[in-house]
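**Student:** Pasting the sequence and the predicted coordinates here, then a few questions.
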Amino acid sequence: MFNYPVILTPDEGTILVTFPDVPEAITFGNTTEEALLHAVDALETALSFYVEARKPLPEPSVRPDLPTVRPSALEGIKLAVYREMMIQGIRKAELARRLGWKAPQIDRLFDLGHASRLDQLEAAANALGKHIDVTLA
């Protein structure tokens, strides 16, 4: 769902990583493997800016000629729940009301640096009329 293409550019002995769809995400590595590993962190950090600003997440483009990077599984679930909130026009206060939670709990739920529990994310998805479906690819 959140598979973002990356451009890998040799840059004075390192590999520069940029994201065509997420211009805020920029990183590098000494090797391609290291650059792609760092790209996950750069992507999660950049997407957290969108969540904090309550902006829609950028849509990943389809670029079969480029490698892709996606957030970790937990962050991907958080982003999916956040995206559904945006689609439905639900604000954090309304989600808190539906769940019977306080505002800081909702803030932590969408903090990509916080290790939220899966059952909390499932409850949030259910409050939006959705469920979490896990697959192993």
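**Tutor:** Everything's here; your move.
**Student:** Domains in the protein, by residue range?
**Tutor:** Following automatic domain parsing, one gets these domains for the chain: 4-69, 73-127.
**Student:** Report the separation between residue 99 and residue 110.
**Tutor:** 13 Å (Cβ to Cβ, to the nearest Å). Every C-beta, even on glycine, is put in place using the N, C-alpha and C of the backbone.
**Student:** Those two - which one has more neighbours?
**Tutor:** More neighbours surround residue 110 than the other of residue 99 and residue 110, with 21 against 16 (other Cβ atoms under 10 Å).
**Student:** Surely that one and residue 51 touch.
**Tutor:** Yes: at 5.2 Å, residue 110 and residue 51 qualify as touching, with contact defined as Cβ atoms under 8 Å.
**Student:** list the residues that contact both of those two?
**Tutor:** residue 82 (Cβ atoms under 8 Å, 6 or more residues apart in numbering).
**Student:** Can you pull out the low-pLDDT segments for the chain?
**Tutor:** Within the chain, no range satisfies pLDDT under 70.
**Student:** all strands of it, in order?
**Tutor:** 4-5, 7-11, 14-18, 26-29, 68-69 (DSSP state E).
**Student:** Of all those strands, which one is nearest residue 56?
**Tutor:** strand 4-5 (14.7 Å; Cβ to Cβ).
**Student:** who does the closest one pair up with?
**Tutor:** strand 68-69 (antiparallel) (DSSP bridges).
**Student:** Tell me the buried residues in stretch 116-124?
**Tutor:** 116, 120-121, 123-124 (16 or more other Cβ atoms under 10 Å).
**Student:** Which residues outside that stretch are in contact with it?
**Tutor:** Residues contacting stretch 116-124 (Cβ under 8 Å, 6+ apart): 74, 77-78, 81, 95, 99, 105, 108-109, 131-132.
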